[in-house]
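>>> no sequence for this one, just the structure:
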């Protein structure tokens, strides 16, 4: 079980996920850390939800397809990605286990001023991401969507890439902390912007956690002792 998310902002795309992989029946479920956000081929970011072996096979097929060109026409690349998924679903060794996989992908088309993000569903349907997109376990996506709705004062299109990282961290972290079964571990994150792809490492993840902690403390201080200041400003 997994939660993956994409946030398309003013000058880039953030892909993120939880980092827990679970196996086994409910009473004997085992959890371990797994990589869910990565760069399967140069210039292409991928976040995967669903059976881990199916996601890995899709990634391997991406690597082997030399004709994939993230800098080319985005509609052509979309068609290639859908064809790869179709071939995966028709594989007798995978058929059946590929019914509940989702992928979020991001790249920078050569003729565009901004990168794009695509939500690819197991049946082959695909949607361009404008703002937020979530995939994975249903309850997790519902909670993450609710977390976003509480921050509607942030317009994704106006956020810088650094700001979008922080907002995405808060949404993913808040969702993970609700203890939805099968979603857990730390937040994994990667971005694509004008400077290329950045796979966010542990040091930067800690900095993002610190920034979100500070954000939440200031909100708590406002509610505890500074509400009167806001009322005074409003009364002017």
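Structure's in. What do you need? Bear in mind the structure is a predicted one, so any value in this text is a computation, not a measurement.

>>> only C-alpha atoms from now on, for both contacts and neighbour counts.
Fine.

>>> where do the strands sit along this structure?
With strands called from DSSP state E, the chain shows them at 3-8, 12-17, 20-23, 30-33, 37-41, 44-49, 102-107, 116-121, 126-128, 132-136, 188-193, 196-199.

>>> may I have the strands that pair with the first one, each with its orientation?
I take that to be strand 3-8. strand 12-17 (antiparallel), strand 132-136 (antiparallel) (DSSP bridges).

>>> just the last one next, same as before
Strand 196-199 has these partner strands in its sheet, going by DSSP bridges: strand 188-193 (antiparallel).

>>> not counting its own residues, what contacts the strand it pairs with?
If you take CA atoms under 8 Å, 6 or more residues apart in numbering as the criterion, strand 188-193 is touched by 11-19, 35-38, 45, 106-108, 114-115, 161, 197-200, 205.

>>> which one, of the strands paired with strand 3-8, ends up nearest to residue 151?
Residue 151 sits nearest to strand 132-136 of all the strands paired with strand 3-8, at 12.1 Å, using CA to CA.

>>> what mean pLDDT does that closest one have?
Strand 132-136 carries an average pLDDT of 96.

>>> stretch 184-192 now?
94.

>>> ends of that stretch, what's the gap?
24 Å (CA to CA, to the nearest Å).

>>> that stretch: how far from the chain's middle?
7 Å (CA atoms, centre = their mean, to the nearest Å).

>>> can you check which helix is longest in this structure?
In the chain, taking DSSP state H as the definition, the longest helix is helix 202-225.

>>> so for that helix, what gets flagged as buried?
Of all the residues in helix 202-225, those buried under the rule 16 or more other CA atoms under 10 Å are 205, 208, 209, 212.

>>> same check, this time on stretch 147-158
So for stretch 147-158, counting by 16+ other CA under 10 Å, buried means 147, 148, 156.

>>> and for stretch 93-113?
Quick answer for stretch 93-113 (16+ other CA under 10 Å): 98, 101, 102, 103, 104, 105, 106, 107, 108, 109.

>>> can you put the residues you listed in a markdown table and add pLDDT and distance to residue 62?
Listed next are these as a markdown table, based on pLDDT from 0 to 100; distance: CA to CA, whole Å:
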| residue | pLDDT | distance to residue 62 |
| --- | --- | --- |
| 98 | 66 | 16 |
| 101 | 89 | 16 |
| 102 | 93 | 15 |
| 103 | 96 | 12 |
| 104 | 97 | 14 |
| 105 | 97 | 11 |
| 106 | 97 | 13 |
| 107 | 95 | 13 |
| 108 | 93 | 16 |
| 109 | 90 | 17 |
